[in-house]
Structure formats: structure tokens, C-alpha cells
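1. model the structure of this input:
(chains A and B)
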Amino acid sequence: MDWQAFALTLKLASVTTTILLAIAIPLAALLVLGRGRWLAALEALAALPLVLPPTVLGFFLLVLLGPRTSVGRGITVVLGHPLAFSFDGLVVGSVIYSLPFAVQPLVAGFAAVQPNLVDAARLLGAGSAKIVLTLLVPLARRSLVAAAVLSFLHTVGEFGVVLMLGGDIPGATRTLSIVLYNQVENFDYAAANRTAAILLGLSVTALATVYLTGQIRGGRRA
Amino acid sequence: MLEVALKARRGSFLLDVECRLASEWTVVFGPSGSGKSTLLRLLAGLDKNERGDTAGVVSLDGQVVTETARRVWRRPGNRRTSLVTQRSSLFPHLGVEANVAYGLGSLDRANRETRVAEMLELVDATDLVNRRPQDLSGGQAQRVALARALAPGPRLLLLDEPFSALDGVASDALIGRLQTWARANGVQTVLATHDATDAFSTGAEVALLREGRLVSLGPAAEVLQDERERIALRLMTP
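-> This is a model prediction of the structure:
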């Protein structure tokens, strides 16, 4: 068992989930509360990673963050190292790749909050931030949990983007998915079985947590 | 003093209202679908003119809160206007006390608690302070919603049939207390209703709305003469 890869996978998933929620909550609120046709374009952009092959996304990011572009060179100057083939680069790739898995449950949950409640909050002087924090998030808490768990699990199981953008550097970019791929390639099926079982266990535990949370709170509402 | 000159299109419906409401208590009377709720939402600033379907001016005490030509649109909560609708719209995850205190963020805790207690007492809901919205009847929820709307100290109070879940006696008593409080605190009130008795019992100025147009404005006895005769005839018919 590659515990280093296990720890790195959990670290990547935790950091990615935290960043994703910080981005997805205001983004989902904007998509639900905002007005204007440009929001449809923004929503489509946020959903793009759902349909884009991970290897394509990984390739684009590899090129964008590499030394061939001004963006990549700028990042290298600021950070002192290129983002490609580093843990930080994996985080950037994971955040973009898992964005729809955080945004879509939140959009559904926020949209399910009755508009008359939002109107009432506005009439009482609440600005957008207060409406999101005191109304939408508490009322859509199941969607928030779902967004967090889906983002976490999607990052744990990520392969294409990780391989393209991070390669296979032990302790830096080698995650459990890469380890599993290497084990299968080396015909070490016993080790591959153990790694796959851990990934499966993580997924089942997290999903069970989501559904149990919903049952304990006594409903299937957002 | 509320001055309104508004035209608003909602699908095939056109609201066209121009009036000056100087009375402390005005009843906007009209049948369902006559545009009462649309008018009150526009006065509250809830329907922003983003698709160019609204044009006109709303000013309160000489201060313009909406003027579409100059793109003036004070956001709800920033025009000292409260709106209470038929649906109580209490926040289901907050208790009664937190609901009433929601718009009092600028007050310190002691003043906030005092204000909440005052407002609940005004609407005769002091005993509900520790309840959850799910545990309230329709009438109780409407009382709490009214307390919540009054708490921030509005200058204009808009009521869109907010006493529909109360029986006649309770409704009359609450309106009486509210009128006294509004007079004492200089709060102008506009009550939208399709119940003529609300207009007669409050002695209000009445704005008669039909198919989106203001057809008459004046004392209830004059504007609702036909309605009064209809009610009297109905009562006398065995």
C-alpha cells in the first residue's frame, strides 16, 4: 500500500473541496439570484468540464500553465516554479475539473429556496452576501453537503487531468489513481485490488454519510 | 405623501397608475387580477425594470425612490418601505424572535431584543416568541410576519391582504391597533384588498383599481358606493 499516495490524494481532495466551495457558493448564488443573458454563458462555462474529456482539459492546462505561454511564465516568476508537474498545479486542475460537481448541486439547492423568502430578506435590508449566508446556505444545507462530498470524491478518483498535468512524481503528484494505473500496468493485480478497494471504500463511506445526514434530518429537501 | 406615476407590462397585462396618496391609510381596492399586488411590488422596489417593461416615477415624501428615465431604483430595504403579503414568508430555519430581529442588524443586542418584544406585543404575539414558524397557525404566522416588517421602522407600510388567515374579529382588532401605531409613528399605510369591508371599517381613502387602471380615488363611501349597495342587498336577501 502506497501510504504517501493515499495521504497526497486526501490532501489534494481536501484542499480542492475547500477552494471549490469558496468559489461555488458565490457562483451558484450569482447564477440563481442574478439577471441577464450572460449568466447562461457563465453557467455553460462552469458546466464545461462535465463534457470535456479529462485528458483534453489536462492538456490545455498543461500548455496554459507551462513555459510556452505568458500566463505560465508569469506564474513561474511569482511562485518561483512552474505550476505544471507540481501539487499546486494539480489543485488548479482539480478545481477546474470538479467545478460543475460543486456548482450544480448548489444551484439546484439555491433555486429550490422560495423566491418570496428572498424578497422578504431584501425588503428587510439584506444585501446579497447576507441573503447567501443567512438564507440560501442554511436552507440548502443538504445541497452544500452533496456539493462537498461530490467534489471530494471526484477529486479522489481523478485520473486524466492528474496524469496530463502532474505526471507521476512520488510525494508531489502521484495520487491513488496513478498508483492503481501503475499497478495494473505492472500486472500486480493483488496490490491493484487493495488500492481499488480503498478508493471504493472512500466513495461508499462518503456517499453513505450524505444519505444518512439527510435521513437523520428527516427529509429529502434541499 | 406617496406620489406614483407608473406603467408596467407583465405579459398581456398592463398596469397604468398615476396618483398622489396623501392619506395616512389608503386602501387599494380591486378584484383579483386588477394589479394590486403588481403595484405594491413596484412600490416596494422588488420588480426592477431590467427588461424595459416598467416606466415611471415613485416618490415618497418628495424623495424619488424609482425613476426609470434617470435609472433611479432604490433597492428594497433602502427605501424605508415594508411589504407584508398574504404568504407570511417567515424564514423556516429561524425562530420567531430571530425572524422579527432579521432586519435589525444595525441595533445592539439589548435594543434589538426590546424592539422585537415591542413589535410582538403590538401584533399580540408575545407568547409566540420561542416558537418555530412550522409550529404557527396561518394567522399566527401572519402576525409574526407583520411584526417583522414593522420592526425596522418603515416610513411606508404596504399590506397585500396580509390578514386573510385571521377571522373577522381578530383582523379588525389587529387593524385597529396597527392604525393607532401607524398614526403615532408617522407611517403611511397602503392596504391592498378585494374585501370592501376592510375599506369601510378603516375609514380610509380608497383607490379603485380595475384591469390595471386607477379608475377612482377618494373616500370609501364615495368610491365604493356600488360595492356598499351590493353588500347591503346581499345581507338583506334571505
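
2. contacts only, for residue 14.
-> You didn't pick a chain, so chain A it is. When contacts are counted by CB atoms under 8 Å, 6 or more residues apart in numbering or on different chains, A:Ser14 touches A:Phe152. In this view, the C-beta of every residue, glycine as well, is placed from N, C-alpha and C.

3. other chain: chain B
-> B:7-8, B:212.

4. in PyMOL, how would I select the buried members of those residues?
-> Buried residues within the contacts of B:Leu14, by 16 or more other CB atoms under 10 Å in any protein chain shown, are selected in PyMOL with:
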select buried, chain B and resi 8+212
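
5. would TSV of the contacts of B:Leu14 with secondary structure, distance to B:Leu136 and pLDDT be doable?
-> As requested, the contacts of B:Leu14 are exported to TSV (DSSP: H, G, I helix; E, B strand; the rest coil; distance: CB to CB, whole Å; pLDDT from 0 to 100):
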residue	secondary structure	distance to B:Leu136	pLDDT
B:Lys7	strand	39	92
B:Ala8	strand	34	92
B:Gly212	coil	34	92
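
6. chain A contacts on chain B?
-> For chain B, the contact set with chain A under CB under 8 Å from any CB of the partner chain comprises B:44, B:46, B:48, B:50, B:75-78, B:81-83, B:85, B:87, B:89, B:91-93, B:102-103, B:105, B:145, B:148-149, B:152.

7. just checking, what packs against the helix or strand of chain B with the lowest mean pLDDT?
-> Lowest on mean pLDDT, DSSP states H and E among the helices and strands of chain B sits helix B:225-236, with a mean of 72. Secondary-structure packing of helix B:225-236 (3 or more CB pairs under 8 Å, 6 or more residues apart in numbering or on different chains; DSSP states H and E): helix B:196-202.

8. show me what the helix it packs on is packed against.
-> Using 3+ CB pairs under 8 Å, 6+ apart: helix B:196-202 touches strand B:25-29, helix B:168-185, strand B:188-193, helix B:220-223, helix B:225-236.

9. among those, which gets the worst mean confidence?
-> Lowest mean pLDDT within the helices and strands packed on helix B:196-202: helix B:225-236, a mean of 72.

10. can I get the buried part of the residues of chain B next to chain A as one PyMOL selection?
-> Here is the PyMOL selection string for the buried members of the residues of chain B next to chain A, based on 16+ other CB under 10 Å:
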select buried, chain B and resi 44+46+76+77+81+82+83+85+87+89+91+93+102+103+145+148+149+152
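
11. B:Asp47: what's it in contact with?
-> B:Asp47 neighbours (CB under 8 Å, 6+ apart): B:8, B:38, B:41, B:54.

12. which ones are touching the last one?
-> Each residue near B:Thr54 by CB under 8 Å, 6+ apart is listed here: B:6-9, B:42, B:47, B:68.

13. what's the longest helix in chain A?
-> In chain A, assigned by DSSP state H, the helix with the most residues is helix A:3-33.

14. mind checking the SS state of the residue lying closest to B:Glu18 once chain neighbours are set aside?
-> Using CB to CB, 6 or more residues apart in numbering or on different chains and skipping the chain neighbours, the partner closest in space to B:Glu18 is B:Ala5 (4.5 Å). Using DSSP: H, G, I helix; E, B strand; the rest coil, the structure places B:Ala5 in strand.

15. isn't B:Ala5 right up against B:Val64?
-> No. Taking contacts as CB atoms under 8 Å, B:Ala5 lies outside contact range of B:Val64: 11.2 Å.

16. quick one: secondary structure of the residue positioned nearest the centre of chain B?
-> With distances taken as CA atoms, centre = their mean, B:Leu159 lies nearest the centre of chain B, 1.6 Å away. The three-state assignment at B:Leu159 reads strand, by three-state DSSP.

17. and B:Arg79, backbone torsions?
-> Note on B:Arg79: its backbone torsions stand at phi -130, psi 20 [degrees, to the nearest 10].

18. that one contacts B:Val65, doesn't it?
-> Yes. If you go by CB under 8 Å, B:Arg79 and B:Val65 touch, sitting 4.3 Å apart.

19. joint contacts of those two?
-> B:Gly45.

20. among the contacts of B:Asp47, which one sits closest to chain A?
-> For those, the residue nearest chain A by CB to the nearest CB is B:Arg41; the value is 8.2 Å.

21. could you find the closest non-adjacent residue to that closest one?
-> Nearest non-adjacent residue to B:Arg41, counting by CB to CB, 6+ apart: B:Asp47, 5.1 Å away.

22. and if you look at A:Leu163?
-> Nearest residue to A:Leu163, sequence neighbours excluded (CB to CB, 6+ apart): A:Ile178, at 6.4 Å.

23. just B:Leu94 next, same as before
-> Leaving out its chain neighbours, the residue that sits closest to B:Leu94 by CB to CB, 6+ apart is B:Tyr102, at 7.1 Å.

24. what residues are up against that neighbour?
-> Counting by CB under 8 Å, 6+ apart, B:Tyr102 has contacts A:121, A:124, A:126, A:134, B:91, B:94, B:148.

25. now B:Thr189
-> B:24-26, B:156-159, B:178-179, B:182.

26. enumerate the residues of chain A near chain B.
-> Going by CB under 8 Å from any CB, the residues of chain A near chain B are A:35-36, A:114, A:116-117, A:119-126, A:130, A:134-135, A:138-139.

27. how about 6 Å then?
-> A:35, A:116-117, A:119-120, A:122-125, A:138-139 (CB under 6 Å from any CB of the partner chain).

28. convert the C-alpha atoms of the least confident helix or strand of chain B to PDB, please.
-> The C-alpha trace of helix B:225-236 is given here as PDB (Å, rounded to 0.1, in the frame of the first residue of the first chain):
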ATOM      1  CA  GLN B 225     -70.900  53.300  -3.300                       C
ATOM      2  CA  ASP B 226     -71.800  50.400  -5.700                       C
ATOM      3  CA  GLU B 227     -70.000  47.900  -3.600                       C
ATOM      4  CA  ARG B 228     -71.800  49.100  -0.400                       C
ATOM      5  CA  GLU B 229     -75.100  48.700  -2.000                       C
ATOM      6  CA  ARG B 230     -74.200  45.200  -3.300                       C
ATOM      7  CA  ILE B 231     -73.200  44.200   0.300                       C
ATOM      8  CA  ALA B 232     -76.300  45.700   1.800                       C
ATOM      9  CA  LEU B 233     -78.500  43.900  -0.800                       C
ATOM     10  CA  ARG B 234     -76.800  40.600  -0.100                       C
ATOM     11  CA  LEU B 235     -77.300  41.000   3.600                       C
ATOM     12  CA  MET B 236     -81.000  41.700   3.200                       C
END
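
29. what angle do that helix and strand B:25-29 make?
-> Relative orientation of helix B:225-236 versus strand B:25-29 (axes from the mean of the first three to the mean of the last three CA atoms, to 10 degrees): 80 degrees.

30. got any ranges where chain A has weak pLDDT?
-> Residues of chain A that meet the criterion pLDDT under 70 lie in A:214-222.

31. show me where it has helices.
-> Using DSSP H, helices in chain A cover A:3-33, A:38-51, A:54-65, A:70-79, A:87-111, A:115-123, A:128-131, A:137-139, A:141-156, A:160-166, A:176-185, A:189-216.
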